[in-house]
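Trainee: Need the 3D shape of this:
(chains A and B)
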Amino acid sequence: MSMPYYVSPEQMMQDRADYARKGIARGRSLIALQYDNGIVLVAENPSSTLRKISEIYDRIAFAGVGKYSEFDQLRVAGVRAADLKGYQFSRQDVDARSLANQYAQLIATTFTHEVKPLEIEILVVEVGATQESDRLYRIMYDGTVLDEQHSAVIGGESDEMKTRVAGAKPSDELKFSIKTAVAALSGQSRTLAASDLEVAVLERGSQRRCFRRLTDVEVAQLLSA
Amino acid sequence: MSRFVPEIGPRFDALLRANGIEPFAALSTDASALAIPHATTCVAIRSSEGVVIAGDRRATSGNLISHREMDKVMQADMYSAVAIAGAAGTAMEMVKLFQLQIEHYEKVEGQSLSLEGKANQLSLFVRNNLPAAMQGLMVVPIFAGYEPASKSSHIWAYDATGGRYEEKDFVATGSGMLHASTTIRLGWKSSLTLEAAVTLACRALWQAADADSATGGFDAVRGIYPSVATINARGFSFVQDSELSPVFAALSEEAKNA
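Mentor: Residues are numbered from 1 along each chain as shown, chains lettered A, B, ... in the order given. Next up, the predicted model:
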């Protein structure tokens, strides 16, 4: 009779974390920044149909990096959870904190119980009535939730990117915030055109649905302004 | 992974059922014994520049007026609206579901339903309500929308079984529909401007209120006007009371001089 190999729990978790990190590191980073009238999300994404950034609810947006099929399923799960909660209770009862916790549970359970961890990192951001009540939650491949202030970065070079956007201020106008994010994404050696980018904003205002995608034309105008 | 996303597609009613919520009330007894508010007359008119959708503000329970300021015209999304006649509670719930369905589909799929798709969806909701309709909780909506891609407006009438009928000129529903549609039929022409269509819709509701006790008229004492909305290339917008006021002043003057 053959004996199964013994693998220590520490080693098993380490292997899964390495696997997930490797998968995430293959993709480009994604940046969310507070600006004077909301939150802007900027990703490097040449596809105009396969989205990394999307609307979850009136004031909540979702962004994911890593394996598309995996974070897209999480996105749909988030839309369902939010719409269901809003239907059963009230639209104002749907909040990013609760959603981030649900995501963390799902991702953490998958990380410990499944053979393969999710090769993704996601952001759940919410625009509040004031800048102080804006929320940026970063959720990692193992379900760790980070409550970020002013800016959040997910993806391969997130630590490096975080230092590159350190100069961004919540009082910046939209065009400055986008320029900062694009400069950080492109680095020293490359330049990114509007068509290489996916940009969306959560605009603070009286409208019900705050999420809006910026077209390539709008992005190009803001970058050259 | 599939446990995150059960196989129900972008359908909000299926999502509710998957979570143990039945969106359409199933009744075993006749509900007509209950004094349930009913909403009445609504119309939609196509013009050369877009579509007008309008409804009176009264809800009745038998011979009693239960609400004077009910809104029966509701925005479905940026380019479409629904107006309802029938059991008020059931109708409001149906519209709420319909609005959520359109938004849910848009978010899950990443693009909006086509106008035809929305009209079809509403037809399914009306059909799902048929058991309740048989017990006295009938809901008969009308649906109107503008399609930016083809620059065309469309209107639909429904029956209680979910039958969906696209009309070219105008539609009406509710207890005052006969008077309202006759009024529109006499005043309608294909060259109608949006403004003229608004006036015609107001006239239709005026005539319906004049002859049908369940339809509320312009309430000069309380300053209550019917709900009137337009949908064109710029999207959905309600016509403000300040713009309706001269229209109803003219109709009042006409009635006085008759």
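Trainee: so who does the spatially closest residue to residue A:167 that is not a sequence neighbour touch?
Mentor: With sequence-adjacent residues excluded and distances taken as C-beta to C-beta, 6 or more residues apart in numbering or on different chains, residue A:167 is closest to residue A:180, at 6.6 Å. Glycine gets a C-beta too; all of them are placed from N, C-alpha and C. Applying C-beta atoms under 8 Å, 6 or more residues apart in numbering or on different chains to residue A:180 gives the contacts A:33, A:165, A:167, A:168, A:172.
Trainee: redo that, cut-off 7 Å
Mentor: A:33, A:165, A:167, A:168 (C-beta atoms under 7 Å, 6 or more residues apart in numbering or on different chains).
Trainee: Check the gap between the last one and residue A:31 for me.
Mentor: Distance of residue A:168 to residue A:31, given as C-beta to C-beta, to the nearest Å: 9 Å.
Trainee: got the contact list for the helix or strand of chain A with the lowest mean pLDDT?
Mentor: Of all helical and strand segments in chain A, the minimum by mean pLDDT, DSSP states H and E falls on helix A:158-164, at a mean of 91. For helix A:158-164, contacts defined as C-beta under 7 Å, 6+ apart pick out A:29, A:31, A:153, A:184.
Trainee: Distance from the chain centre to that helix, please.
Mentor: On the basis of C-alpha atoms, centre = their mean, to the nearest Å, helix A:158-164 sits 15 Å off its chain's mean C-alpha point.
Trainee: What are the buried residues along that helix?
Mentor: By neighbour count on 16 or more other C-beta atoms under 10 Å in any protein chain shown, the buried set for helix A:158-164 is A:158, A:161, A:162, A:164.
Trainee: Any idea how many residues pack against the closest residue in space to residue A:131 that isn't next to it in sequence?
Mentor: Leaving out its chain neighbours, the residue that sits closest to residue A:131 by C-beta to C-beta, 6+ apart is residue A:170, at 5.4 Å. Neighbour count of residue A:170, defined by other C-beta atoms under 10 Å in any protein chain shown: 16.
Trainee: element containing residue A:170, please.
Mentor: Counting by DSSP states H and E, there is no helix or strand that carries residue A:170.
Trainee: So it versus chain B, what's the distance?
Mentor: As defined by C-beta to the nearest C-beta, to the nearest Å, residue A:170 lies at a distance of 27 Å from chain B.
Trainee: Make sure that residue is actually in contact with residue A:150.
Mentor: Yes. Residue A:170 is within contact range of residue A:150, at 5.4 Å (criterion: C-beta atoms under 7 Å).
Trainee: what residues are shared contacts of those two?
Mentor: Common neighbours of residue A:170 and residue A:150, counting by C-beta under 7 Å, 6+ apart, are residue A:34.
Trainee: burial measure for residue B:22, as a count.
Mentor: Residue B:22 - counted by other C-beta under 10 Å - has 10 other residues nearby.
Trainee: Next: residue B:250.
Mentor: With other C-beta under 10 Å as criterion, residue B:250 counts 13.
Trainee: so where do the strands sit in chain A?
Mentor: A:30-35, A:38-44, A:53-57, A:60-66, A:120-126, A:135-139, A:145-148, A:151-154, A:197-203, A:211-213 (DSSP state E).
Trainee: quick one: low-confidence parts of chain A?
Mentor: Where chain A drops to pLDDT under 70, the residues are A:1.
Trainee: Could you show which parts of it are in contact with chain B?
Mentor: Applying C-beta under 7 Å from any C-beta of the partner chain, one finds that chain A approaches chain B through A:51, A:54-55, A:70, A:73-74, A:76-77, A:79-80, A:83-84, A:87, A:106.
Trainee: show me the contacts for residue 148.
Mentor: In the absence of a named chain, chain A is used. A:136, A:138.
Trainee: I was after chain B.
Mentor: B:79, B:233.
Trainee: What lies in contact with the helix or strand containing residue B:99?
Mentor: When secondary structure is defined by DSSP H and E, residue B:99 falls within helix B:88-109. For helix B:88-109, contacts defined as C-beta under 7 Å, 6+ apart pick out A:55, A:76, A:79, A:83, A:87, B:10, B:12-13, B:23, B:36-39, B:59, B:70, B:74, B:76-77, B:82, B:84, B:112-113, B:118, B:121-122, B:125, B:129, B:132, B:137, B:139.
Trainee: and those residues, which of them are in strands?
Mentor: Those of those mapping onto strands are A:55, B:38, B:39, B:59, B:74, B:76, B:77, B:82, B:84, B:139, per DSSP E.
Trainee: State the distance from the residue nearest to residue A:131 to residue A:33.
Mentor: Noted for residue A:170: a distance of 8 Å to residue A:33, by C-beta to C-beta.
Trainee: Which members of the buried residues of helix A:158-164 are the farthest-apart pair?
Mentor: Greatest spatial distance in these: A:158 and A:164, 10.5 Å, computed using C-beta to C-beta.
Trainee: ok, back up a step: how about the buried residues of helix A:158-164 in JSON lines, adding distance to residue B:102?
Mentor: Formatted as JSON lines, these follow (distance: C-beta to C-beta, whole Å):
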{"residue": "A:158", "distance to residue B:102": "36"}
{"residue": "A:161", "distance to residue B:102": "37"}
{"residue": "A:162", "distance to residue B:102": "39"}
{"residue": "A:164", "distance to residue B:102": "40"}
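Trainee: And whichever strand or helix holds residue B:141, what does it pack against?
Mentor: Using DSSP H and E, residue B:141 maps to strand B:139-147. Strand B:139-147 sits against strand B:42-47, strand B:50-55, strand B:80-87, helix B:88-109, helix B:115-128, strand B:152-158, strand B:170-173, strand B:227-232, with contacts defined as 3 or more C-beta pairs under 7 Å, 6 or more residues apart in numbering or on different chains; DSSP states H and E.
Trainee: so residue A:124 makes contact with residue A:137?
Mentor: Yes. Contact criterion C-beta under 7 Å: residue A:124 and residue A:137 qualify, at 4.6 Å.
Trainee: anything in contact with each of those two?
Mentor: Joint contacts of residue A:124 and residue A:137 (C-beta under 7 Å, 6+ apart) are A:96, A:100.
Trainee: Measure how buried residue A:48 is and give me the count.
Mentor: If we define neighbours as other C-beta under 10 Å, then residue A:48 has 11 of them.
Trainee: So for stretch A:140-153, what gets flagged as buried?
Mentor: For stretch A:140-153, burial by neighbour count (16+ other C-beta under 10 Å) applies to A:140, A:141, A:142, A:143, A:145, A:148, A:150, A:151, A:152, A:153.
Trainee: Lovely, talk soon.
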